[in-house]
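Colleague: this one's sequence-less:
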């Protein structure tokens, strides 16, 4: 093999290696770009998760407040029911007294 043939062979091999290195560099650049996109997506997800956790905390506070208000309303309903029983009892007694007085007036008229 002549020196020039050997040099041409080495140059050809180096050219192929350089081509492969260029492809590897391109692939690595694509991988790095993809990784950057994934990291950006992860940051968005983490921010979204933080927002959801904050909203959940607010909802838990609101549910607690609602539960307290429902308990108060239930107490008020119980008081109203008790008072209403008393009112109907009073109405019943007044009706009996009125009926009694009407009967007495009717008997006096005769």
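Modeller: Sure, I can see it. Since the structure is predicted, the reported quantities are computational estimates derived from the model, not experimental observations.
Colleague: Could you list the low-pLDDT ranges of the chain?
Modeller: Low-confidence segments of the chain (pLDDT under 70): none present.
Colleague: Helices of this structure, start to end?
Modeller: Remark: helices assigned in the chain by DSSP state H are 3-109.
Colleague: Now residue 2. Its backbone dihedrals?
Modeller: Torsion angles at residue 2 (phi, psi; degrees, to the nearest 10) stand at phi -80, psi 160.
Colleague: Tell me the spacing between it and residue 11.
Modeller: 14 Å (C-beta to C-beta, to the nearest Å). (C-beta placed from N, C-alpha, C; glycine too.)
Colleague: what's the spacing between residue 99 and residue 55?
Modeller: Separation of residue 99 from residue 55 (C-beta to C-beta) stands at 63 Å.
Colleague: before we move on, back to that, out of residue 2 and residue 11, which sits in the more crowded spot?
Modeller: For residue 2 versus residue 11, the count of surrounding residues by other C-beta atoms under 10 Å is larger for residue 11: 10 against 7.
Colleague: and the gap between that one and residue 104?
Modeller: For residue 11, the distance to residue 104 equals 136 Å [C-beta to C-beta].
Colleague: One more: residue 4?
Modeller: For residue 4, the distance to residue 104 - C-beta to C-beta - is 146 Å.
Colleague: for residue 67, same thing?
Modeller: The value you get for residue 67 to residue 104, if C-beta to C-beta is used, is 56 Å.
Colleague: go on, residue 30?
Modeller: From residue 30 to residue 104 the distance is 107 Å (C-beta to C-beta).
Colleague: same thing with residue 42?
Modeller: 91 Å.
Colleague: And residue 71, by the same measure?
Modeller: 50 Å.
Colleague: next one: residue 37
Modeller: Distance of residue 37 to residue 104, computed by C-beta to C-beta: 97 Å.
Colleague: likewise residue 21?
Modeller: For residue 21, the distance to residue 104 - C-beta to C-beta - is 121 Å.
Colleague: mind listing what's buried in stretch 93-102?
Modeller: By neighbour count with 16 or more other C-beta atoms under 10 Å, stretch 93-102 contains no buried residues.
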